[in-house]
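S.K.: The sequence and its predicted three-dimensional model are supplied below.
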Amino acid sequence: MQNQPVVLIPAYNEAPRIGSVLEVVCNYQRQPRVVVIDDGSTDDTSGACRHYPVEVISLPQNRGKGAALQAGIDYTGTADYWLFVDADLINFRVEHLESLFLPLQKEGAAMTVGIFKGGRTITDMAHRYFGILNGQRGLSGEFVASLPDLSWARFGVEIFLSKYANYQGFPVAYPYLPEMTHHTKEAKFGFWKGFPYRLQMFKECLYSLFNWKKYCK
């Protein structure tokens, strides 16, 4: 089906949260093929997906977001349209998926980067000033087919995608995603465990920011 996107959802220890995301994705009117990549979770993330019509890839160990997305791409093969969605979204609705999809279909965008607006002040500001980090994206089949392997990128994968699109001259659209936000790492894991995760994320993002070009084809 030409208008049937593939939705990739990388997930690491998201058992308490992924169900609300799958509820939305599985009710999307374009009847997407939904693939969850369980990135070496130590909780029951894969089990939380059993009640939904989705496919689950279980990686034996945590390899990071870039590798999880690459595993999803390799597993799925080709598609005309792709949507990358996080597993920890709040106030997520089907119209957000459509906002990511329509510029690919109707405006010739090769990638869409969703911008949170009106969800939570701290995430709104992060998306406004550091949009290169935003994880909710739509991608054309042509764009995905042109990508080099993403397995190295970990949390820097969004930075790489944005840098690569600009480097290759692919057009990018930035639709707003009203009222959407996500759970912070500190809220999910507690401050003492969540804050080191955040520092590791920043480290991986900085690596991608300064080294992205050497991973281009």
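M.R.: Yep, that arrived.
S.K.: so how far is stretch 49-56 off the chain centroid?
M.R.: Taking C-alpha atoms, centre = their mean, to the nearest Å, one finds stretch 49-56 lying 18 Å from the centre of the chain it belongs to.
S.K.: now the end-to-end length of it.
M.R.: 8 Å (C-alpha to C-alpha, to the nearest Å).
S.K.: following the lowest-mean-pLDDT helix or strand in the chain, which helix or strand shows up next?
M.R.: Across the helices and strands of the chain, mean pLDDT, DSSP states H and E gives its lowest value to helix 121-129, namely a mean of 49. Proceeding N to C from helix 121-129, the next assigned helix or strand is strand 137-140, under DSSP states H and E.
S.K.: got a list of contacts for the host helix or strand of residue 69?
M.R.: Per DSSP H and E: residue 69 is located in helix 65-76. Contact with helix 65-76 is made by 6, 8, 10-12, 33, 35, 37, 39, 55, 57, 59, 63, 82, 84, 135, 144, 147, 149-157, 160, as judged by C-beta atoms under 8 Å, 6 or more residues apart in numbering. For the C-beta atoms, the positions are set from N, CA and C on the backbone; glycine is no exception.
S.K.: Select from those residues every entry located in strands.
M.R.: 6, 8, 10-11, 33, 35, 37, 39, 55, 57, 59, 82, 84 (DSSP state E).
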